[in-house]
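Trainee: Sequence and predicted structure below; questions after.
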Amino acid sequence: MGTSKRLAAHYDMRSQHRSILAAARSGPLQSLTERELALREHPLTIYPQPYRSVRAWVRFGPEAIRVDAKLMRSTPRAAGISFRAEEQIFRCWVWGSAIEVDDE
């Protein structure tokens with residue numbers, strides 16, 4: 001019996017949401033600090049709409065997890081991303097090397 005690609009994508013998303021919520025129980029979502037971002041020294045780009053789909057490594061306490069996210073803002077070194085798990089929306093800054101742009 002075959003599987004539906006549409007349903008497979010839905011189940012993948014549900015699985016990722018469960019993984020994110022499980023990781024969130026390990027501790028708070030970590031984000032780069034103001035010192036690390038150095039916004040007074042580097043230009044900041046804010047995208048009016050979520051710019052690109054990305055895969056990003058984020059950390060909840062000691063737990064690292066890879067998530068599907070939207071690129072919301074960026075500097076030459078860092079990326080501000082947004083991702084969700086069920087009804088919760090998470091936002092953080094990660095190093096640019098922690099993201100991979102999805103080919104849509």
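Mentor: Okay, I see it. Numbers count the residues shown, from 1 in each chain.
Trainee: Can you list the helices and strands that the longest helix along the chain packs against?
Mentor: Counting residues, the longest helix found in the chain (DSSP state H) is helix 5-24. If you count contacts as 3 or more Cβ pairs under 8 Å, 6 or more residues apart in numbering; DSSP states H and E, helix 5-24 packs onto strand 63-74, strand 78-85, strand 88-95. For every residue, glycine as well, the C-beta is placed using N, CA and C.
Trainee: Provide the strand pairings for the last one, with the direction of each partner.
Mentor: Think strand 88-95. Under the criterion DSSP bridges, strand 88-95 sits next to strand 78-85 (antiparallel) in its sheet.
Trainee: And for the longest one?
Mentor: For strand 63-74, the pairing partners within the sheet under DSSP bridges are strand 45-46 (antiparallel), strand 53-60 (antiparallel), strand 78-85 (antiparallel).
Trainee: Now do stretch 84-97: distance from first to last residue.
Mentor: By Cα to Cα, to the nearest Å, the extent of stretch 84-97 from end to end equals 21 Å.
Trainee: tell me which residues in that stretch are buried?
Mentor: Buried residues in stretch 84-97, counted by 16 or more other Cβ atoms under 10 Å: 84-85, 90, 92-94.
Trainee: And stretch 7-25, by the same measure?
Mentor: Neighbour-count burial for stretch 7-25 [16+ other Cβ under 10 Å]: 16-17, 20, 23-24.
Trainee: pLDDT weak spots in the protein?
Mentor: Within the chain, the set of residues satisfying pLDDT under 70 comprises 1-6, 10-11, 50, 103-104.
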